[in-house]
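**Q** Next one to model:
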Amino acid sequence: MEPQILTQMLTDKNTFSFSKLKYKYGKENFDEYFSLLSDFFYRKVPLKDFSGNSFVYSPAQVQIVSQSLKQLMQTYSGEKYGAKAMEDEIVSTLSIEKIDTTRESVREILAGRAPLSQNEEKAYGIKKGLDFISDPSNKITAENLNRLYRISINDFLDPDVKLPPGAMYRNDSVYVVDSSGKPVHSGLDYEKLPAYTDDLIAFINDDCDEIDQVLKSAMIHYYFAYLHPYFDGNGRTARLLQLWYLVQKEYTSALFIPFSLFVNQNRNDYYKSFKRISENHDAAKVSDMTPFLYFFTQKVFSQFENYSVDDDVFEKFRAVMNTGKVTEKEKELFTFVLSNYGGGEFSTKDLEKDFRNVAYATVRTFVLKFEEFGLLKSQKYGARVKYRINEIN
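**A** Got it, this is the predicted structure:
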């Protein structure tokens, strides 16, 4: 194969569609291209497809921008997860599966209100799941995975799709259908689920595989959805499992960034990446995760910088703390603002209501003081004033 053609195929907008590459460049060129992928680009993943063959991926095609990793390593003190981020996470992970909830109800559930409807129960379930995975002592095991599923999903399902009592996984076949009701994927034979899931757990807990951990989190997400261990709620569980893995690997901001928000914003591409892997398997008899990983690097991980607070804010905050001019309550208020509002606006009344255990005068003093420090900035809307984190250039 001429180097020019190889370059064209690697950079083609349809590079992850084997059938389209074969059609455009011809079978002979495609066969040579695929041979080069297999010999020089692919790396095996220690996870098997339904035929017992190893999955592969192409590291060269799924580079993660270092800034994305930087955002995941930020430290937020005093909170187990960001309320604003997890509000976005809950609304979005349910929306991906066309379960409608309102932001107001999710916000109230995060604040402790009991659910009042079936959809609110599902939001409450995700909240319980986030509480569970935010505790680093809850290690990823088959038993804890079952526990996570039951408290976050299974407890709020209709009886006909709940797990049987005492069961770890489903006990029958399951199919994924498209909007027209046509089956597009069948989950693994239920009798094989214990062995395959044990392999996934072993992969999750293997720190010696030299796979980038953030990229590995997306592999875990994909493979869990591929197995489809339950009758319902597999997607929500896959997204929780990805976050859980990152928490276990000490990516401290994993629960301060709403992964599912970015997935939901690109929902069609998300589902297309699953479909592309299946189509490529049919075309070339290879189980290649690269399309899904590429989706995550381009549409999810790359968006973290737009959601997170700039590192300079944390440095400025540390410097202000070292002056001795900040009270313990003001420190708590600022970390609360970081985790609950992120880059969004809030009023003094919002902060008084949301923080709860604080006097209005304390809030008022805090915002004026931190605006003077350059950590907050204000914007007037008529008689109303809103505050937000001041991104430092």
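
**Q** Which residue lies nearest the spatial centre of the chain?
**A** F259 (3.4 Å; CA atoms, centre = their mean).

**Q** residues touching the nearest residue to that one once chain neighbours are set aside, list them.
**A** Nearest residue to F259, sequence neighbours excluded (CB to CB, 6 or more residues apart in numbering): V300, at 6.0 Å. Where you see a C-beta, it was placed from the backbone N, CA and C, and this is true even at glycine. With contacts defined as CB atoms under 8 Å, 6 or more residues apart in numbering, the neighbours of V300 are 218, 259, 262-263, 266.

**Q** if we take the residues you listed, which one ends up nearest to N14?
**A** Ranking the contacts of V300 by separation from N14, with CB to CB as the measure, puts N266 on top at 17.6 Å.

**Q** Need phi/psi at that closest one.
**A** Torsion angles at N266 (phi, psi; degrees, to the nearest 10) stand at phi -130, psi 40.

**Q** same check, this time on Y381
**A** With angles defined as degrees, to the nearest 10, Y381 sits at phi -130, psi 80.

**Q** Tell me the spacing between it and S95.
**A** Separation of Y381 from S95 (CB to CB, to the nearest Å): 29 Å.

**Q** what does S378 give?
**A** 32 Å.

**Q** the more surrounded of those two?
**A** Between S378 and S95, counted using other CB atoms under 10 Å, the more crowded position is S95 (17 against 14).

**Q** Once you drop chain neighbours, what's closest to the more buried one?
**A** Nearest one to S95, counting by CB to CB, 6+ apart, is N264 at 5.2 Å.

**Q** what residues are up against the one you found?
**A** 92-93, 95-96.

**Q** just P194 next, same as before
**A** 142, 168-169.

**Q** Just the element for it, please.
**A** helix 193-204 (DSSP states H and E).

**Q** Now do N144: how many residues are near it, please.
**A** N144: 15 surrounding residues under other CB under 10 Å.

**Q** What of L255?
**A** 24.

**Q** Same check on N357?
**A** For N357, the neighbour count with other CB under 10 Å is 8.

**Q** Got the phi and psi for it?
**A** For N357, the backbone dihedrals are phi -80, psi 70 (criterion: degrees, to the nearest 10).

**Q** which residues does M86 contact?
**A** Counting by CB under 8 Å, 6+ apart, the residues that M86 touches are 110, 127, 130, 255, 258.

**Q** With distance to V358 and pLDDT added, can I get these in JSON lines?
**A** Below are the contacts of M86 laid out as JSON lines (distance: CB to CB, whole Å; pLDDT from 0 to 100):
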{"residue": "L110", "distance to V358": "18", "pLDDT": "90"}
{"residue": "K127", "distance to V358": "23", "pLDDT": "96"}
{"residue": "L130", "distance to V358": "24", "pLDDT": "96"}
{"residue": "L255", "distance to V358": "24", "pLDDT": "89"}
{"residue": "P258", "distance to V358": "26", "pLDDT": "91"}
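
**Q** Can I have the buried ones of these as a ChimeraX selection?
**A** In ChimeraX, this line selects whichever of the contacts of M86 come out buried by 16 or more other CB atoms under 10 Å:
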select :110,127,130,255,258
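
**Q** Now intersect the contacts of M86 with the helices, please.
**A** Taking DSSP state H as the definition of helices, these contribute 110, 127, 130.

**Q** excluding its backbone neighbours, what's nearest N205?
**A** Excluding its sequence neighbours, the residue lying closest to N205 (CB to CB, 6+ apart) is I140, at 6.5 Å.

**Q** Hmm, the one you found is touching Y245, no?
**A** Yes. Between I140 and Y245 there is a contact under CB atoms under 8 Å: 6.7 Å.

**Q** Looking at these two, which is more packed in?
**A** Y245 (23 against 18).

**Q** That one reaches I220, doesn't it?
**A** Yes. Assessed by CB under 8 Å, Y245 is found in contact with I220 at 5.5 Å.

**Q** overlap in contacts of the two?
**A** I204.

**Q** how about the residue nearest to N205, phi and psi?
**A** Torsion angles at I140 (phi, psi; degrees, to the nearest 10) stand at phi -80, psi 100.

**Q** So that it lines up with my notes, have the first residue be 297 from now on.
**A** In the new count, where the first residue is 297, that last one comes out as I436.

**Q** Next up, the contacts around it.
**A** 497, 500-501, 537, 540-541, 544.

**Q** so can I have a markdown table of these showing pLDDT?
**A** What follows is the contacts of I436, written out as a markdown table (pLDDT from 0 to 100):
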| residue | pLDDT |
| --- | --- |
| I497 | 98 |
| I500 | 98 |
| N501 | 97 |
| L537 | 99 |
| W540 | 98 |
| Y541 | 98 |
| Q544 | 96 |
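
**Q** among the residues you listed, who's most crowded?
**A** Neighbours here mean other CB under 10 Å. Within these, the largest count is held by W540, at 27 neighbours.
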